[in-house]
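Participant: Okay, sequence plus prediction incoming.
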Amino acid sequence: MINIALIDDHIVVRSGFAQLLSLEEDIRIVGEYNSAAQAWPHLLKEGCDIAILDISMPDESGLSLLRRIRQVRPGFRAIFLSIYDTNAFVKNAVDAGASGYLTKRCGPEELVRAIRAVHGGGFYLCADALQALRQTATIPKELQMLTPREKEIFDLLIVGLSAKEIGEKLSLSHKTVHVHRANVLAKLECDSIIELVHFALEHQLLAEK
């Protein structure tokens, strides 16, 4: 079961997401909060797996709240669900430690996909967020160390696909994908997929795929 906390100061938005997510058998809403102050003590407890939160709230931004929580719970996972889709907002969310970013134009099916991807240890950006990050960039020398297959897998990892999804897309076994993923992380000196996404952001490699 995936335990979710919803933090949004708009009760209609928050209640709507709660009702939609409650229809999923593997998702449980463990808390609904209208401010950072109200959510803070509850998010410090281990009962919440993922927080779905807005960036703009009346008492404290979601970005600031996430940074504070991660000082106490470094592995805390959060997905931003925001009206903002500019480059700066998406980058700031990732820098704050977010595991996902969706705009409020996304449908409920995509939110569910993002939750499951993040719960599985992945990272998820919606198409609007990817579009905001799309910029012309030169290929960094580190990527030249990757084989063509590793580069292919790198491109799929940074947009949030799981090992299973990559295997299905490229007709590779789960074990083979894990081997390639380990090689990519080692060659780029990244310890996790989150660090890999930071690498992609730093080098402006997150283009819409």
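Facilitator: Cool, got the structure.
Participant: which strands and helices sit next to the helix or strand bottoming out on mean pLDDT in the chain?
Facilitator: When the helices and strands of the chain are scored by mean pLDDT, DSSP states H and E, helix 127-133 comes last with a mean of 80. Here helix 127-133 touches helix 87-96, strand 100-103, going by 3 or more Cβ pairs under 8 Å, 6 or more residues apart in numbering; DSSP states H and E. Using the backbone N, CA and C atoms, a C-beta is placed for each residue, glycine as well.
Participant: Okay, domains of this protein per the record?
Facilitator: Residue ranges for the domains of the chain, per automatic domain parsing: 2-126, 141-202.
Participant: Find the centremost residue of the chain, please.
Facilitator: Nearest to the mean C-alpha position of the chain, by Cα atoms, centre = their mean, lies Gly100 at 1.8 Å.
Participant: List the beta-bridge partners for it.
Facilitator: Ile79, Tyr124 (DSSP bridges).
Participant: how about the nearest residue to Arg73 once chain neighbours are set aside, what does it touch?
Facilitator: By the measure of Cβ to Cβ, 6 or more residues apart in numbering, the closest residue to Arg73 outside its immediate chain neighbours is Leu44, 6.8 Å from it. Residues near Leu44 by Cβ atoms under 8 Å, 6 or more residues apart in numbering: Ile69, Val72, Arg73.
Participant: list the contacts for the second one?
Facilitator: If I follow you right, that is Val72. Val72 sits next to Leu44 when contact means Cβ under 8 Å, 6+ apart.
Participant: phi, psi of it?
Facilitator: Here is the backbone geometry of Val72 (degrees, to the nearest 10): phi -100, psi -40.
Participant: do you know how far the residue nearest to Arg73 is from Gly100?
Facilitator: Distance check for Leu44 against Gly100: by Cβ to Cβ, to the nearest Å, it reads 21 Å.
Participant: next one: Leu130
Facilitator: Between Leu130 and Gly100 the computed distance is 12 Å (Cβ to Cβ).
Participant: what do you get for Arg77?
Facilitator: Applying Cβ to Cβ, the value for Arg77 to Gly100 is 8 Å.
Participant: Name the residues contacting each of these two.
Facilitator: Joint contacts of Arg77 and Gly100 (Cβ under 8 Å, 6+ apart) are Val118.
Participant: Please report the number of neighbouring residues for the nearest residue to Ile193 once chain neighbours are set aside.
Facilitator: Spatial nearest neighbour of Ile193, excluding adjacent residues (Cβ to Cβ, 6+ apart): Phe123 at 5.4 Å. Phe123 has 26 neighbouring residues, counting by other Cβ atoms under 10 Å.
Participant: you'd agree the residue nearest to the centre of the chain is up against Arg116?
Facilitator: No: Gly100 is beyond contact range of Arg116, at 10.6 Å (criterion: Cβ atoms under 8 Å).
Participant: Please tell me the pLDDT value assigned to Thr136.
Facilitator: pLDDT, Thr136: 44.
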